[in-house]
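# need a 3D model of the sequence below.
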Amino acid sequence: MSDVVWRPEDDSKIRPPLQEGQVYRPDILNVIETTLDGLSGELRALSLDIHDHPELKFEEKYAHDAYTAFMEKHDFTVTKNYLLETAWVATYTHGQGGRVLGVNSEMDALPGIGHACGHNLIGISGVAVALAAKAAMERLNIDGKVVLLGTPAEEGGFGKVILYEKGAYDEMDVCLMCHPAPGPRHSISLSGCLAISRVTVEYHGHTAHAGLSPWEGQNALDAAVLAYNNVSLLRQQIKPTHRVHGIFEGKDWAPNIIPDHAIMQWLVRAPTTSEMEDTRKRVISCFEAAALATGCKVQVTIGSVGNEIRQNKALGDELADVVLKRYGAIDYDWGIKSASTDFGNVTYLMPGLHPGFSIPTIPDGGNHTTGFTEAARSEVSHDACLVVSKALAAVGMRVLTDEAFLQKVKDTFEEDKKLRV
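Numbers count the residues shown, from 1 in each chain. Sure, this is the predicted structure:
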């Protein structure tokens, strides 16, 4: 593993060999590259500013203001507090008619460990794609519209789903974004992610004096502990690609009182939504069995469901063509393959692309660790972010300029619907 994963001490100047051949519209890619190289300093300053001010889901007020000010400075039409308090949208239109390119910028951080999922890089990547597209449209007189959507609460809040339901994605023909992760040096990943379901489990029992008369109680904490152990045993019989993990919550607990109330928060994941639903049924049986064994009552609430990412193959093939000929390597095994994102729901509803991109990480320093928090602010990580942003911008510009390609993207999306199981 260590000789495959990109480490901070590795020489970032060593790049994979490139394939020969022309990319689509080299004149467009030249504008994209020149634009983003020129804006690199500004974008890095924005990334570090966001990194230095981490905010939790639905609380991204500083990020909201920083991004909207930045986009206004670059002559986008900006709507603040767009449909949600910390969401925003920045648009640019050139000419009459044309297609609509959608891009996402995430903003939220994690409790206690800040930007340990690299959303500062995701945020500036969306900005970079939008700015590059604007520059190409202006200089090459390309009609169309760019919609950059600032999306809050990816970390458990399903912000994109809420925005989709409120109509924020309605006019987009496609939507693009990216995500950093450990991986091989200078590699961009077209892996997907796992479908996910949040499940809240609440046990109700009866208090009693734990020393004087414990037999009078029904121990809700025992029920939660038993449920936890039930799930641990179940893991032996579920596929290695599935994930089940949870935590305990409670209040007013004391060692001399039989707890009458306990809450558990669980996440169930699997490669497809239907597989996740099947595993979730088995997990819920573990919760119900614990209630039966302890004499407690149980309430199971199924919360938000996140679909797996359905990478649009036409968009992905175009990205791979650009990356392999101009920048680096493509893989299908890294990225956020075993994690989850609310962008998966977007790809169920419209053509979308969500590549991962590798950044240098220390051992045991992947996403959601303090090591990744540090990795997300390095200069090499910034450079890797700009590379994937250039490639995404090139894909987006082909959507705006090649009618046959866009039709292929849409046909691919419809074909994929039939493959979902």
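# contacts, neighbours, all on C-alpha from now
Fine.
# any idea which residue sits dead centre in this protein?
Centroid-nearest residue in the chain: Thr341, 4.0 Å away (criterion: C-alpha atoms, centre = their mean).
# contacts for the helix or strand harbouring Lys418, please.
Using DSSP states H and E, Lys418 sits within helix 403-419. Contact with helix 403-419 is made by Arg310, Asn312, Lys313, Ala314, Leu315, Tyr348, Met350, Pro351, Arg398, Val399, Leu400, as judged by C-alpha atoms under 8 Å, 6 or more residues apart in numbering.
# assumed the fifth one was part of a helix.
Yes - note on Leu315: a helix contains this position according to DSSP: H, G, I helix; E, B strand; the rest coil.
# against Asp173, how distant is it?
Noted for Leu315: a distance of 12 Å to Asp173, by C-alpha to C-alpha, to the nearest Å.
# returning to that earlier point: isn't the residue nearest to the centre of the chain up against His179?
No - taking contacts as C-alpha atoms under 8 Å, Thr341 lies outside contact range of His179: 9.9 Å.
# the more surrounded of Leu315 and Asp173?
Remark: of Leu315 and Asp173, Leu315 carries more neighbours, 26 against 18, as counted by other C-alpha atoms under 10 Å.
# quick check: the more buried one vs Val322, distance?
Look at Leu315 and Val322: by C-alpha to C-alpha, they are 11 Å apart.
# pLDDT on stretch 378-385, on average?
The average pLDDT for stretch 378-385 rounds to 98.
# tell me what the longest helix along the chain is packed against?
Scanning the chain for the longest helix, with DSSP state H as the assignment, gives helix 26-51. Contact analysis of helix 26-51 by 3 or more C-alpha pairs under 8 Å, 6 or more residues apart in numbering; DSSP states H and E lists helix 61-73, helix 119-140, helix 379-401 as its packing neighbours.
# quick one, what contacts the closest residue to Ser381 other than its chain neighbours?
Sequence neighbours aside, Ile359 is the residue nearest to Ser381 in space, at 5.1 Å (criterion: C-alpha to C-alpha, 6 or more residues apart in numbering). Contact partners of Ile359, counting by C-alpha under 8 Å, 6+ apart, are Trp6, Pro180, Ala181, Pro182, Gly183, Arg185, His186, Ala375, Ala376, Val380, Ser381, Ala384.
# how about Ala136?
Going by C-alpha under 8 Å, 6+ apart, Ala136 touches Ile28, Val31, Ile32, Ile142.
# pLDDT score assigned to the first one?
The one in question is Ile28. 98.
# now the residue nearest to it when sequence neighbours are not counted: how far from Arg25?
Counting by C-alpha to C-alpha, 6+ apart, Ala136 is the residue found nearest to Ile28 once chain neighbours are left out, at 6.0 Å. Using C-alpha to C-alpha, Ala136 is found at 11 Å from Arg25.
# how about the strands in the stretch 251-400 of the chain?
For the stretch 251-400 of the chain, applying DSSP state E, counting those that start in this stretch gives strands covering 261-270, 297-306, 329-331, 352-353, 356-358.
# parallel or antiparallel, list what pairs with the fourth one.
According to DSSP bridges, strand 352-353 forms sheet pairs with strand 174-176 (parallel).
# ok, and what's touching the helix or strand following the strand it pairs with?
Downstream of strand 174-176, the first helix or strand assigned by DSSP H and E is strand 179-181. Residues outside strand 179-181 that contact it (C-alpha under 8 Å, 6+ apart): 117-119, 121-122, 334-336, 354-359, 366-367, 385.
# one step back: distance to Ala168, mean neighbour count and mean pLDDT added to the strands of the stretch 251-400 of the chain, as JSON lines?
Below are the strands of the stretch 251-400 of the chain laid out as JSON lines (distance: least, C-alpha to C-alpha, whole Å; neighbours: other C-alpha atoms under 10 Å; pLDDT from 0 to 100):
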{"stretch": "strand 261-270", "distance to Ala168": "27", "mean neighbour count": "22", "mean pLDDT": "98"}
{"stretch": "strand 297-306", "distance to Ala168": "18", "mean neighbour count": "17", "mean pLDDT": "96"}
{"stretch": "strand 329-331", "distance to Ala168": "31", "mean neighbour count": "20", "mean pLDDT": "97"}
{"stretch": "strand 352-353", "distance to Ala168": "15", "mean neighbour count": "29", "mean pLDDT": "98"}
{"stretch": "strand 356-358", "distance to Ala168": "24", "mean neighbour count": "27", "mean pLDDT": "98"}
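# same list (these) but as JSON lines, adding distance to Phe58.
As requested, the strands of the stretch 251-400 of the chain are exported to JSON lines (distance: least, C-alpha to C-alpha, whole Å):
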{"stretch": "strand 261-270", "distance to Phe58": "19"}
{"stretch": "strand 297-306", "distance to Phe58": "16"}
{"stretch": "strand 329-331", "distance to Phe58": "33"}
{"stretch": "strand 352-353", "distance to Phe58": "24"}
{"stretch": "strand 356-358", "distance to Phe58": "24"}
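# still on that earlier bit, in the longest helix of the chain, what's buried?
By neighbour count with 16 or more other C-alpha atoms under 10 Å, helix 26-51 contains the buried residues 28-29, 31-33, 35-36, 43-44, 46-51.
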